[in-house]
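dropping a prediction and its sequence here:
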Amino acid sequence: MRRLVGVAAWFSAILFFAPVAWMVLTSLHSEPDAATNPPSLGAPLTLQGYEEFFGASTGQSPWPPLINSFSASISSTIVVLLLAIPAAYALSIKKVEKWTDVMFFFLSTKMLPVVAGLLPIYLVAQFTGMLDNISFLVILYTSMNLPIAVWLMRSFLAEVPPEILEAASIDGAGLITTLRRVVAPIAMPGIAATALICFIFSWNELLFARVLTGVVAGTAPVFLTGFVTSQGLFLAKVCAAATVVSLPVLIAGFAAQDKLVQGLSLGAVK
Amino acid sequence: MTSFSSRRAAAMAAAALVAVGVTACSGAGGGGSTADGSSINVLMVNNPQMQDIQKLTADNFTKQTGIKVNYTVLPENDVRDKISQDFSSQAGQYDVATISNYETPIYAKNNWLAPLDDFIAKDSGFDQNDILEPMRQSLTAADGKVYAEPFYGESSFLMYRKDVFAAKNLTMPDKPTWQQVADLAAQLDGAEPGMKGICLRGQPGWGQVMAPLTTVVNTFGGTWFTKDWQAQVNAPEFKEATKFYVDLVRAHGEAGAPQAGFAECLNNMTQGKVAMWYDATSAAGLLEANDSPVKGKLAFAQAPVNKTESSQWLYTWAFGVQKASKNQDAAWKFISWASGKDYEKLVGTTLGWSKTPDGKRSSTYQNPDYLAAGTSFAKQAEAAIKGAKPTDPGVQPRPASGIQFVGIPEFTDLGTQVSQQISSAIAGATSVDDALNSGQALAEKVAEKYRGK
Amino acid sequence: MSLDTAPPPAKQQRRGTPPAPKGLGAAARWARRAPLLPALIFTIIVTQLPFVATLIISVLRWNSLDPDNRGFAGFDNYAAVFTDPNLRSSIVTTVLLTVVVVVVCLVLGLGLALLLDQKFRGRGLVRTMLIAPFLVVPVAAALLWKHALYNPEYGLFNGALTWIWSLFGADRPPQPEWISDMPLVAVEASLVWQWTPFMMLILLAGLQSRPMDVVEAARIDGATPWQIFRHLTFPHLRQYLELGGLLGSIYIVQNFDAVFTITSGGLGTANLPYTIYQTFYQAHDYGQASAAGVVVVIGSLIIANFALRVVSSLLKDEVK
């Protein structure tokens, strides 16, 4: 029985992982080799695709978009945590009345299609001169991730034993101190999980980045789409670009697998 | 009514926000182009010629003029969306953008572009009259002013494998008709293992399948709209042309036709999977490139006709300047360099003559080096572009200019929606009649709007 | 034997202090609200203000390609929206897409979670490989599926068919045009690939939080694996399934990258975000697109109401 389970599991894993493996393999082939039918698995490996990504034939460096993605994702994650942790505190440890309504409100904002708000947001950006400005993206990503972060942090904070909190308040600790010295250490794994998820969703975001950025603030996913051309072969280039652009998320996700599991589930339902 | 601690908390949150914002700002703040003309922002479509200019800018243009060029490159659909968004709101994010002869008159009418006549007059080396007549005409707006300069241009013609023709004892007539081409395609099926007679685009998109199909419609006597704005999408001529195209592609066309755009047909032709290909003249340079397996095996004929003298399309990617741009002088310097004669020579000598952005100037076709590299197709391409008739492409008068498109803003949406139906017809999922009937309904809505004006 | 595996009573003690009773003074109530305010105010400003603006634009006649023809349009845009067959079909497409993807992901995720719950060699590596699809940037995944996998000329699927056929000596392999033949399924497949790990992780955590002593007891008593699953595991997992379904639906309803990249909204795969995007950016009809946006928001709120009842059951045991 265990054999069967193992075989089934490995089979599924290979099936799911195959496209990713194919993406990496194709990125290491030359363009003509990448576009053959049947697929040439044994074709000579080359770094041509990556050289193209790093600007061999156009002189465009990918570092500005990558740095923009990093700064937007990290900044928005920090802001989200700064907003979500106190809010979650007010929804779990020292609850406000009608806290379920507040939870509903946060979650309902997530259900509204963001595309509908695209035009007003663009106009605001234009009016305030914030087009092509990474800070504007940070604000949008924060609002995009805040509901989920509040939701997750609330569940994590609800795990904090009330006895410790009572002890802290008896000792005279104010809100900030309590958050910093008492809550944060216990909820640290939960905070890490929430941060990871917010980082991933911010990094992946494409629509707003495409519409609101230009030469300076373009993010990595937008840069990636620039490799698809309607004239000539581009498969190796695009696979190389896709690999590099996905790398930070892949690394973060693999390294913090357990946090990811926690964040997606244990923290949310008990 | 807020208590002290909540105000404190809000203030701290705001401070945190600002702090993070500032650190984020320091890396990438708003706006790349400065108003002093020392740098400009250019938004381009992602074609090989544009990639070449990206590479050559720093060492040539920037060195000569000191103007830094910030490029953003995107695939065609994405870039059109972004250009129209930026130019329509006059947000001024980009100084220069690659617009085609489709957008230029529309944008000019809406006052989104800066007229270039003054710049041209003061620029002695530019030689506006060297630009081929149909190109010049298509980039001049109704008010007679020039609003864009072509970067490279193309028409359409028929490309075929002369070696395969010879092997099958077939000859291509001088001025082929579509019926002749269909008959040839039938005979060429299977001429080599796995080879089909012809490659024709089938991918949805007003600039993909709709481009060649509209030229076929034109030469079969059909049109999208009559002069007084009656929609003619399911008129007999349009139907006949579409049925012909769809049947030809289904019977003797490439595999995967409903998804085949320019790139797929290029691939097919390069790999010897089709014997003929009706498409853009710019493909010839790619097919005759040094590393192409079919180099030297191709011959070229004018676009097939039926009831008209000519049927080829006219298209150019041109540089236009946004009216709201604060760097118009620097923008013109860039355009003057990119569309100038010297740039063509620069590309020819450093990257190869088959990569020159051609199709716009007469002088290109008199350049011995260029002709030597493109002997097989240069003259045919030049004839195609010179012979294109953007204002009078069919048998009847038109309400708007354009050969393979209708020069109205609604056409991108209309053309794309109808093209999706046509693609379905090519896939066999719907009939040509149904496709055109639904197309007619959409076209009628647009026509109503224009009749009311 | 008792099948009531309700959470142990100790759980309720870990739920923080109860909400402030009504009789408490105003200052104390505001003190409780204070930490919530920054997040709340931020959310209201950034999400509700654009909606109000969309509402205003929806009653204007505003097509950016037609700058002379601007004005008040009353309910014309809404009339156009309700009679627009494209919008109706895109609503159907959105519902279809979301339901299929979420259900398939849940089923596959459940299967994978059950497998991963067992011990076998290389379990950690298998889990890592299974998470990978979720970690690929969505637009990169969509490009990968469209060009590297589905492409009838040089994609992996047709290439694999060619190779398999050649093993049997045949040289005319079927080369289906995946995207043309089954466009919506093509989009759904790529989304299922990306989101199954997400569901799998949620359900795996659910499985691993089962009280194992009850399961052991049942096994000792001679219950078959199926009985254990049906009577013990599944009820416990119900909350996790609902959570996965809810979160998955929220994200997949909004999905834009996959539809835009794989089919450009053609061949009947245009979902709501794509249709609204198209009305903005290709038809440039801001008034109509805004009206469509408003209608969609109202529709989502109605649906959200139902969805949030699911949420309330998740929060149920905390509300006193």
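Structure received. Numbering: from 1, shown residues only, chains lettered A, B, ... in the order given.

just the pLDDT for the residue of chain A most remote from its centre.
Within chain A, A:I170 marks the point farthest from the mean C-alpha position, 39.5 Å out by CA atoms, centre = their mean. Looking at A:I170, its pLDDT reads 83.

any idea which helix or strand carries the residue in chain C that chain A sits nearest to?
Using CB to the nearest CB, the single residue of chain C nearest to chain A is C:G293, 2.7 Å away. Any C-beta I mention is one placed from the backbone N, CA and C, and that applies to glycine too. Per DSSP states H and E: C:G293 is located in helix C:286-315.

with B:T98 instead?
Per DSSP H and E: strand B:96-100 holds B:T98.

same check, this time on A:A240
Taking DSSP H and E as the criterion, A:A240 maps to helix A:235-255.

is that helix in proximity to chain B?
No. Helix A:235-255 does not reach chain B (CB under 8 Å from any CB of the partner chain); its nearest approach is 10.6 Å.

and that helix, which residues are buried?
A:235-246, A:248-250, A:252-253 (16 or more other CB atoms under 10 Å in any protein chain shown).

so which of the residues you listed also contact chain C?
Applying CB under 8 Å from any CB, the subset of the buried residues of helix A:235-255 adjacent to chain C comprises A:L235, A:V238, A:C239, A:A241, A:A242, A:V245, A:S246, A:V249, A:L250, A:A252, A:G253.

and the furthest pair within those?
Pairwise distances across those (CB to CB) peak at 26.5 Å, for the pair A:L235 and A:A252.

re earlier: give the rounded mean pLDDT of the helix holding C:G293.
Regarding helix C:286-315, the rounded mean pLDDT is 77.

again, but for stretch B:263-272
Averaged across stretch B:263-272, the pLDDT comes to 88.

just the CA atoms of that stretch, as CSV, please.
Extracted C-alpha coordinates of stretch B:263-272, given in CSV (Å, rounded to 0.1, in the frame of the first residue of the first chain):
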residue,chain,number,x,y,z
ALA,B,263,5.6,34.6,-36.8
GLU,B,264,4.1,31.1,-37.4
CYS,B,265,4.0,31.5,-41.1
LEU,B,266,7.5,32.8,-41.1
ASN,B,267,8.5,29.7,-39.2
ASN,B,268,6.6,27.5,-41.6
MET,B,269,8.2,29.1,-44.7
THR,B,270,11.7,28.9,-43.1
GLN,B,271,11.3,25.3,-42.3
GLY,B,272,10.0,24.4,-45.7
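
just give me how far that stretch sits from the chain centre.
Chain-centre distance of stretch B:263-272: 19 Å, with CA atoms, centre = their mean, to the nearest Å.

for stretch B:406-416, same thing?
Taking CA atoms, centre = their mean, the mean C-alpha location of stretch B:406-416 is offset from the chain mean by 14 Å.

that stretch near chain A at all?
No. Using CB under 8 Å from any CB, stretch B:406-416 stays clear of chain A, coming no nearer than 14.7 Å.

same check, this time on stretch B:70-81
Yes. Using CB under 8 Å from any CB, we find that stretch B:70-81 touches chain A at B:N70, B:Y71, B:T72, B:V73, B:L74, B:P75, B:E76, B:D78.

and the gap between B:Q51 and C:Y78?
Separation of B:Q51 from C:Y78 (CB to CB, to the nearest Å): 45 Å.

who has more neighbours, these two?
Remark: of B:Q51 and C:Y78, B:Q51 carries more neighbours, 22 against 18, as counted by other CB atoms under 10 Å in any protein chain shown.

residues in contact with the spatially closest residue to the more buried one that is not a sequence neighbour?
Spatial nearest neighbour of B:Q51, chain neighbours left out: A:T58 (4.8 Å); criterion: CB to CB, 6 or more residues apart in numbering or on different chains. Counting by CB atoms under 8 Å, 6 or more residues apart in numbering or on different chains, A:T58 touches B:Q51, B:Q54, B:K55, B:V73.

now the stretch 1-150 of chain A against chain B: closest residue?
Proximity of the stretch 1-150 of chain A to chain B (CB to the nearest CB) peaks at A:N133, 3.5 Å away.

in the stretch 101-250 of chain B, what residue lies closest to chain A?
Per CB to the nearest CB, B:Q208 is where the stretch 101-250 of chain B lies closest to chain A, at 8.3 Å.

quick one: secondary structure of that residue?
The local conformation at B:Q208, judged by DSSP: H, G, I helix; E, B strand; the rest coil, is coil.

likewise for B:E149?
Judged by three-state DSSP, the three-state class of B:E149 is strand.

wait, it touches B:W337, no?
No. Judged on CB atoms under 8 Å, B:E149 makes no contact with B:W337 at a distance of 10.7 Å.

between the two, which one's more packed in?
Neighbour comparison, B:E149 and B:W337: the larger count goes to B:E149, with 26 against 22 (by other CB under 10 Å).

for that one, list the residues it contacts.
With CB under 8 Å, 6+ apart, B:E149 has these contacts: B:L116, B:I131, B:L139, B:A318, B:F319, B:I335, B:S336, B:S339.

including distance to chain C, could the residues you listed go into a markdown table?
Below are the contacts of B:E149 laid out as a markdown table (distance: CB to the nearest CB, whole Å):
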| residue | distance to chain C |
| --- | --- |
| B:L116 | 21 |
| B:I131 | 27 |
| B:L139 | 19 |
| B:A318 | 19 |
| B:F319 | 21 |
| B:I335 | 24 |
| B:S336 | 29 |
| B:S339 | 26 |
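
what's the first-to-last distance across stretch C:58-76?
Taking CA to CA, to the nearest Å, stretch C:58-76 runs 9 Å from one end to the other.
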